[in-house]
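Engineer: A structural model of the following input is requested.
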Amino acid sequence: MNSFFIGKYEIKLPIIQGGMGVGVSMSGLASAVANQGGVGVISAAGIGLLYPKLRGDYMEKCILGLKEELRKAREKTKGVIGVNIMVALSNFADLARTAIAEKADVIFAGAGLPLDLPSFLQKDSKTMLVPIVSSSRAAKIICDKWKQNFNYLPDAIVVEGPKAGGHLGFKNNQIEDEHFSLEEIIPGVLEIAGQYKDEKNIPVIAAGGITTGEDIARFMKMGVSGVQMGSVFVPTHECDASTEFKNVYIHSSEDDIRIIQSPVGMPGRAFDGEFIRSVAEGKEKPKRCSFHCIKTCDYEKSPYCIIKALYYAAKGKLDKGYVFAGKNAYLAEKISSVKEVIDKLRNEYSLSLK
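Structural biologist: Next up is the predicted model:
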């Protein structure tokens, strides 16, 4: 697998570990992937819940928690560490400023258009900025706005298809429509990136349902520089989620994966379970909101509190939450090390080329 650059950072293994909140991809998983030459990614979503003993309210705990996770990651690796920050988060701007101030190598920003992200950079900032999009139209809007308002172009673009886990940037009727498949939307995003080649090299990274080394090779042949993979790294020893959370991946089948509606305002892909069935019966309606974590969430109209659901699931309390997963997550067979997962991907990649 050929290396590529995100800004000034050489990515020796062209694999970005997808950001998974709440508490699934933190410093443990991120540093392990970075040590293998890929980009390890800490998810900022709900990070304040993981640090209840820190001072301040929830929003302050998020800032301090992100600083702590970046510090822990730096103790474990000299590789490239990124932070995934959802644009839909109420404290998106504060988290972005914190990641930049703490010298995170990359910010990945999706679940909305990060139109003002470059405004948080300082003259001496070392953080690269990478939007996550689900269409060439979104890529074009971001490139044009960033260039016009900040004289800045993305350091890479992640294009995420509808087979991804978690929140999806598609309407429900588009998720199974072949016209919106990753294979269909990649060429348009590559074309947009190519329009700026005289000003900046903008590598395109494919994401969503990529599971094997053969998948990686197939998308590389389409012209992308790298891939983003999330679900393959959940059933690993280094993943920061509980063993109970990981075992859902191992003991589930394809029929257990379903599309749900998230309070964020987007459809999402998750494993079915007791909590999701309870939501369907209207039993999980929140009585109050202690976090105000999502801009678009009105707890009085929300069927459940998503941040609590994801937090409890990561902690292994699966009766109180659910497990996000990509379309092919059910293929997991055992808990392995990150190195074993990447060695397997390398081998599959090599065999596919032959």
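
Engineer: give me every residue that touches V224.
Structural biologist: Residues near V224 by Cβ atoms under 8 Å, 6 or more residues apart in numbering: V159, I186, L190, P203, V204, I205, A206. Heads up, the C-betas are built off the backbone N, CA and C, glycines and all.

Engineer: secondary structure element for it?
Structural biologist: Using DSSP states H and E, V224 is not contained in any helix or strand.

Engineer: for the one 4 residues further on, same thing?
Structural biologist: Element membership for Q228 (DSSP H and E) is strand 226-229.

Engineer: starting at the chain centroid, how far to the following helix or strand past that strand?
Structural biologist: Sequence order places helix 243-250 as the next helix or strand after strand 226-229, per DSSP H and E. The chain centroid and the centroid of helix 243-250 are separated by 19 Å under Cα atoms, centre = their mean, to the nearest Å.

Engineer: List the buried residues of helix 243-250.
Structural biologist: Residues of helix 243-250 classed as buried under the neighbour-count rule (16 or more other Cβ atoms under 10 Å) are F245, K246, N247, V248, Y249, I250.

Engineer: returning to that earlier point: the contacts of V224: which two are farthest apart?
Structural biologist: I186 and P203 (12.4 Å; Cβ to Cβ).

Engineer: who has more neighbours, these two?
Structural biologist: P203 (22 against 19; other Cβ atoms under 10 Å).

Engineer: where does that one fall, phi/psi-wise?
Structural biologist: phi -70, psi 150 (degrees, to the nearest 10).

Engineer: what's the closest non-adjacent residue to it?
Structural biologist: S225 (3.6 Å; Cβ to Cβ, 6 or more residues apart in numbering).

Engineer: Would you agree the one you found is in contact with P14?
Structural biologist: Yes. Between S225 and P14 there is a contact under Cβ atoms under 8 Å: 6.3 Å.

Engineer: Mind listing the shared neighbours of those two?
Structural biologist: Contacts common to S225 and P14, judged by Cβ under 8 Å, 6+ apart, are F4.

Engineer: longest helix of the protein?
Structural biologist: Looking across the chain with DSSP state H, the single longest helix is helix 58-76.

Engineer: Packing partners of that one?
Structural biologist: The helices and strands touching helix 58-76, judged by 3 or more Cβ pairs under 8 Å, 6 or more residues apart in numbering; DSSP states H and E, are helix 27-35, strand 39-43, strand 80-86, helix 92-101.

Engineer: Enumerate the positions of that helix that are buried.
Structural biologist: Applying 16+ other Cβ under 10 Å to helix 58-76 flags 58, 61-70, 72-74, 76 as buried.

Engineer: Quick one: the strands in the stretch 251-354 of the chain, in order.
Structural biologist: 257-261, 267-271 (DSSP state E, counting those that start in this stretch).

Engineer: Now mean pLDDT and mean neighbour count too, for those, in CSV please.
Structural biologist: Formatted as CSV, the strands of the stretch 251-354 of the chain follow (pLDDT from 0 to 100; neighbours: other Cβ atoms under 10 Å):
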stretch, mean pLDDT, mean neighbour count
strand 257-261, 94, 15
strand 267-271, 95, 22
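
Engineer: Please produce JSON lines containing those strands, extended by distance to L318.
Structural biologist: JSON lines is the format used below for the strands of the stretch 251-354 of the chain (distance: least, Cβ to Cβ, whole Å):
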{"stretch": "strand 257-261", "distance to L318": "15"}
{"stretch": "strand 267-271", "distance to L318": "9"}
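
Engineer: And those strands: which comes nearest K197?
Structural biologist: Taking those one by one with Cβ to Cβ, strand 267-271 is closest: 33.9 Å.
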